[in-house]
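> sequence isn't available, so here's the structure alone:
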């Protein structure tokens, strides 16, 4: 079953789980704000702009770098540019997490500047909640039979119906459940951030938790992209993998500069 029927309304599981993930992520961020002696209401005011600009960024990333499954359906960048209304039809095609990162960071930068708040402090508060939102939202990929990996015979393999298989894999039934791998590793990320925040509270600098969150997730995506079939190619290059490689490098440089600056004082 693809969704839940409520009278005349039909709610897709993917959308419901994304909404649930965002909501629970926001509640966790409010809890973290209170724990760090920050006003939890700041998360309430951030909820809408982050959701809106994260969604816009994710949609634009998909439009500009559509995965193979979309290309096979004719949903190319050129198609979206020549059919702008379909670009706004969020149920056509999909979204890209790199774009959500970019849109969310820009929204957070603007919010912090406008309200004279620390971008890095806000980012630290949001980090565990972002990982939780991603973990729960990824469960929707199960119902859509998407985000699966290479064929496998492992005990935890997942069956993909013929209609959802990529060209060239029509006769292959079982694949790596990449969405499940990402769900599990996102929860690992959450608990790792909790452990760092409490075990090394005196040694952490503002922004460290957010940078670690970015670094951890970037490594996860870098590795999982090697197993992924439905990749987004730009001039023959896996653009998502490139994005997360750059993000990981920026995380490392950011942590190094932050702690080097402190040591030199």
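Okay, I see it. Here the structure is a predicted model, which is why all the values come from computation and not from measurement.

> I'd guessed residue 187 sits against residue 134; true?
No. Counting by C-beta atoms under 8 Å, residue 187 does not reach residue 134; the two are 9.8 Å apart. In short, each C-beta sits where N, CA and C put it, glycine included.

> which one of those two has more residues nearby?
Taking neighbours as other C-beta atoms under 10 Å, residue 187 and residue 134 compare with residue 134 leading, 24 against 15.

> skipping adjacent residues, who's closest to that one in space?
Once flanking residues are discounted, residue 134 sits nearest to residue 186: 5.0 Å by C-beta to C-beta, 6 or more residues apart in numbering.

> from residue 137, how far off is the one you found?
Separation of residue 186 from residue 137 (C-beta to C-beta, to the nearest Å): 9 Å.

> more neighbours: which of the two?
With neighbours defined as other C-beta under 10 Å, residue 186 and residue 137 compare such that residue 137 has more, 27 against 23.

> surely the more buried one and residue 17 touch.
Yes. Counting by C-beta under 8 Å, residue 137 does reach residue 17; the two are 5.7 Å apart.

> which residues touch residue 169?
Residue 169 makes contact with 151, 229, according to C-beta atoms under 8 Å, 6 or more residues apart in numbering.

> ok so it is a helix residue?
No. Assigned with DSSP: H, G, I helix; E, B strand; the rest coil, residue 169 falls outside any helix and is coil.

> phi, psi for it please.
Note on residue 169: backbone dihedrals following degrees, to the nearest 10 are phi -120, psi 20.

> please tell me how far it sits from residue 229.
Counting by C-beta to C-beta - residue 169 and residue 229 are separated by 7 Å.

> could you do residue 126 as well?
With C-beta to C-beta as the criterion, residue 126 and residue 229 are 32 Å apart.

> what of residue 120?
Residue 120 is 37 Å from residue 229, by C-beta to C-beta.

> ok, residue 32 next?
36 Å.

> now do residue 98
From residue 98 across to residue 229, the span is 18 Å (C-beta to C-beta).

> what's the answer for residue 239, then?
15 Å.

> between these two, who's got more neighbours?
Counted by other C-beta under 10 Å, residue 239 and residue 229 do not tie: residue 229 has more neighbours, with 21 against 18.

> that one: what's it in contact with?
Contacts of residue 229 by C-beta under 8 Å, 6+ apart are 68, 148, 149, 150, 166, 169, 175.

> buried subset of the residues you listed, written for PyMOL?
If you want just the buried ones from the contacts of residue 229 in PyMOL, going by 16 or more other C-beta atoms under 10 Å, the selection is:
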select buried, resi 68+148+149+166+175
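
> looking at residue 3 now. What's its pLDDT?
Note for residue 3: predicted pLDDT of 60.

> no, scratch that, I was asking about residue 38
On the pLDDT scale, residue 38 gets 88.

> just the strands in the stretch 1-150 of the chain please.
3-6, 9-12 (DSSP state E, counting those that start in this stretch).

> let me see the ranges of the helices in the protein.
Along the chain, the stretches classed as helices by DSSP state H are 13-35, 41-64, 68-72, 77-82, 84-88, 97-114, 119-138, 140-144, 178-199, 208-224, 239-264.

> would you turn those into a markdown table with distance to residue 158 and mean pLDDT?
Output for these, formatted as a markdown table (distance: least, C-beta to C-beta, whole Å; pLDDT from 0 to 100):
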| stretch | distance to residue 158 | mean pLDDT |
| --- | --- | --- |
| helix 13-35 | 16 | 91 |
| helix 41-64 | 23 | 94 |
| helix 68-72 | 16 | 91 |
| helix 77-82 | 29 | 94 |
| helix 84-88 | 30 | 91 |
| helix 97-114 | 20 | 96 |
| helix 119-138 | 13 | 95 |
| helix 140-144 | 8 | 87 |
| helix 178-199 | 8 | 96 |
| helix 208-224 | 14 | 96 |
| helix 239-264 | 21 | 86 |
